[in-house]
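Colleague: build the 3D model from these lines:
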Amino acid sequence: MEECATLNDLQRWERLVEDQSSLFRLTLTDNQTLRLRVDELERELSVWKLAFKAAEDEKCNLQKHMLKLEKNIGSLRDDNPLLLCLIDGDGNIFSQDLLASGHTGGRQAAMLLTKGLADYMVDVDAGSSGRGQVWLTVYCNKTGLMDTLVNNGVCSASEFEAFVLGFNSASPLFSIVDVGGGKEAADAKIKECLRVFTRFPQTSRVFFGGGHDNGYTSTLSTLENEGLLEKIVLLRGYKTLAAELQHFDLPHLDIGGVFMTKKLPSCYTHRRSTPPTGVAPQEHDRQRINHKNFLVGTQSPIISTNTQFCRYLDPSLPLNKQTPRPCTFFYLSVCKQGDKCTYGHDYFLTADNYAELRANAKKSPCPVLNKNHPCPFGESCPSGHYCPRGSKCSYSKQGKCKFIGREMHIPLNDRIGISGRPPSRSQSSNVSGQTDGTPTPPMSPVELNNFFGISPFVPQGTM
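Modeller: Residues are numbered from 1 along each chain as shown. Sure, this is the predicted structure:
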């Protein structure tokens, strides 16, 4: 019994020793793992310390650089502020007294503008007055503006040229820039200047002389979103402000005696188109706008005033490929659409262009005769009364010809016009002598509503 008890005690002791040894080994393994982890964390800590020190150094350098830039910007703003003045010269037109004074008027206009801008800055920012540089640019279509002024009796061409010379010589930073006759050419330049120069810190104020035009709304909205609209001051010309610009509530400046306060009336000039050979210019214009040419009870003729000055055709393109295409009714009769017409009313056309225009117009059927009604205009009608292919028209046999009137495909020898004689050659062929007119579109659509209420006009000397 005693031996059995001793044996059990020995086994228990050995198990305890074995468990303790296992515990010691596990503790030693964990201790080594922890030591490795501590070493790794210490290395990471040293790396982060280095990164933090580098970031702190960079922060200090950036702060020093920022202070330096702020000092420079403050120096630019305080020592030499820029007063930028951008004027749309096609809308803000100088007064008649200044323009008629020629060279002296140009220098006087520059002096009045300088004084007006300086006085405004004294009222709103007395601290910066006297140090600012005034940079003033007038953008305009010089030729077009001169024609308008001359046609309205404001000044002569020589007086306008002298005015421009006097204005440009008044100051190195004052200039009248000719942007040419492109559509909205002045607007594009002014918009870009507003977008670029308003962001410059040295730009103290931007005096904007374009309050007559709604086209500047998008540019001003962009500046408003960027918080830069506070720099804009509206330089008033016309008393009436464009409707879409009124909601900006811009501060405005009126300089008396510098700009016209009312718009000039639109003028119709002989340069819109050239009369055909054999027609005197005076007779051409008289027939174009004479009220007696219209039927009794109709409205007066509407002359397009969208563009006051003529444009030239692209010589590499035919008339029906120009952009926009010349208006058939405007040049061959009278266009009732007036300013709403989407076709060109301001092209410089030669006699050959007129002949091509008439020939192309004859390729489109007369809408009255096409419905088997007698055309009241006879050969004066700008549209075709007969199919160019005549009785041999293959499109007619297929039912595809657009000349569908009963007598539109009769042979040439059987055709008798309203006046009792065969139709002119222009009704049966185009300029090149070809007779294929069916697939080719006219210069502008010939619609029925253009026929009623107007009197036909065909330039003389070309039929």
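
Colleague: contacts for stretch 213-229?
Modeller: The contact list for stretch 213-229 (C-beta atoms under 8 Å, 6 or more residues apart in numbering) reads 88, 91, 184, 187, 190-191, 194-195, 198-199, 208, 210, 231-232, 242-245, 248, 250. To be clear about C-beta, it is placed using only N, CA and C from the backbone, and glycine gets the same treatment.

Colleague: one more time with 10 Å, if that's ok
Modeller: Outside stretch 213-229, the residues that touch it by C-beta atoms under 10 Å, 6 or more residues apart in numbering are 88, 90-92, 184, 186-188, 190-195, 198-199, 203, 206, 208, 210, 230-232, 234, 242-245, 247-250.

Colleague: which SSE is the residue nearest to residue 239 when sequence neighbours are not counted in?
Modeller: Leaving aside its sequence neighbours, residue 239 sits nearest to residue 261 (C-beta to C-beta, 6 or more residues apart in numbering; 5.1 Å). Assigned by DSSP states H and E, residue 261 belongs to neither a helix nor a strand.

Colleague: wait, residue 261 sits on residue 255?
Modeller: No - assessed by C-beta atoms under 10 Å, residue 261 is found out of contact with residue 255, at 11.4 Å.

Colleague: ok, the residue nearest to residue 239 - contacts?
Modeller: Going by C-beta under 10 Å, 6+ apart, the list of residues near residue 261 reads 95, 236-240, 254.

Colleague: can I get these in TSV including pLDDT and secondary structure?
Modeller: Formatted as TSV, the contacts of residue 261 follow (pLDDT from 0 to 100; DSSP: H, G, I helix; E, B strand; the rest coil):
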residue	pLDDT	secondary structure
95	92	coil
236	87	coil
237	85	coil
238	84	coil
239	81	coil
240	81	coil
254	89	coil
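
Colleague: of these, which is the most crowded?
Modeller: Tallying neighbours with other C-beta atoms under 10 Å puts residue 237 at the head of the contacts of residue 261, with 27 neighbours.

Colleague: quick one: residues contacting that residue.
Modeller: Residue 237 is in contact with 87-89, 91-95, 209-212, 254-255, 258-263, counting by C-beta under 10 Å, 6+ apart.

Colleague: kindly recompute the last result at 8 Å.
Modeller: With C-beta under 8 Å, 6+ apart, residue 237 has these contacts: 91-93, 209, 211-212, 259-261.

Colleague: now swap in residue 371 and tell me
Modeller: Neighbours of residue 371 in contact, by C-beta under 8 Å, 6+ apart: residue 405.

Colleague: ranges for the helices of the stretch 151-300 of the chain?
Modeller: 157-170, 185-197, 217-225, 281-289 (DSSP state H, counting those that start in this stretch).

Colleague: now those helices as TSV including mean neighbour count?
Modeller: As requested, the helices of the stretch 151-300 of the chain are arranged in TSV below (neighbours: other C-beta atoms under 10 Å):
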stretch	mean neighbour count
helix 157-170	19
helix 185-197	17
helix 217-225	15
helix 281-289	15
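
Colleague: among those helices, which comes closest to residue 15?
Modeller: Taking C-beta to C-beta, helix 217-225 is the member of those nearest to residue 15, at 83.2 Å.

Colleague: alpha carbons of the closest one, as CSV, please.
Modeller: Only the C-alpha atoms of helix 217-225 are listed here, as CSV (Å, rounded to 0.1, in the frame of the first residue of the first chain):
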residue,chain,number,x,y,z
THR,A,217,-24.9,87.8,-68.8
SER,A,218,-23.1,84.5,-68.7
THR,A,219,-19.7,86.1,-68.1
LEU,A,220,-21.0,88.2,-65.3
SER,A,221,-22.8,85.2,-63.7
THR,A,222,-19.5,83.3,-63.7
LEU,A,223,-17.7,86.2,-61.9
GLU,A,224,-20.6,86.4,-59.5
ASN,A,225,-20.2,82.7,-58.6
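
Colleague: residue ranges with poor pLDDT in this protein?
Modeller: Residue ranges of the chain with pLDDT under 70: 1-3, 73-79, 126-131, 266-310, 412-463.

Colleague: look up how far residue 112 lies from the residue nearest to residue 239.
Modeller: 15 Å (C-beta to C-beta, to the nearest Å).

Colleague: also residue 91?
Modeller: Computed as C-beta to C-beta, the residue 91 to residue 112 distance reads 18 Å.

Colleague: what does residue 119 give?
Modeller: Distance, residue 119 to residue 112, by C-beta to C-beta: 11 Å.

Colleague: do the same with residue 178
Modeller: Residue 178 is 22 Å from residue 112, by C-beta to C-beta.

Colleague: just residue 336 next, same as before
Modeller: 45 Å.

Colleague: so what does the lengthiest helix in the chain touch, helix or strand wise?
Modeller: In the chain, taking DSSP state H as the definition, the longest helix is helix 2-79. Of the remaining helices and strands, none touches helix 2-79 by 3 or more C-beta pairs under 8 Å, 6 or more residues apart in numbering; DSSP states H and E.

Colleague: repeat the analysis, applying 10 Å as the threshold.
Modeller: strand 203-209 (3 or more C-beta pairs under 10 Å, 6 or more residues apart in numbering; DSSP states H and E).

Colleague: next SSE downstream of the longest helix of the chain?
Modeller: strand 82-88.

Colleague: name the residues of the next helix or strand after that following strand that are buried.
Modeller: Next helix or strand after strand 82-88 toward the C-terminus (DSSP H and E): helix 96-100. By 16 or more other C-beta atoms under 10 Å, the buried positions in helix 96-100 come out as 96, 98-100.

Colleague: closest one to residue 164 out of these, please.
Modeller: residue 99 (9.7 Å).

Colleague: can you tell me the closest non-neighbouring residue to the closest one?
Modeller: That would be residue 155: by C-beta to C-beta, 6+ apart, it lies 4.2 Å from residue 99.

Colleague: so that neighbour touches residue 147, yeah?
Modeller: No - in this structure, residue 155 is not within contact of residue 147 by C-beta under 10 Å, at 11.6 Å.

Colleague: show me which of the two is the more surrounded one.
Modeller: residue 155 (23 against 19).

Colleague: got the phi and psi for that one?
Modeller: With angles defined as degrees, to the nearest 10, residue 155 sits at phi -160, psi 170.
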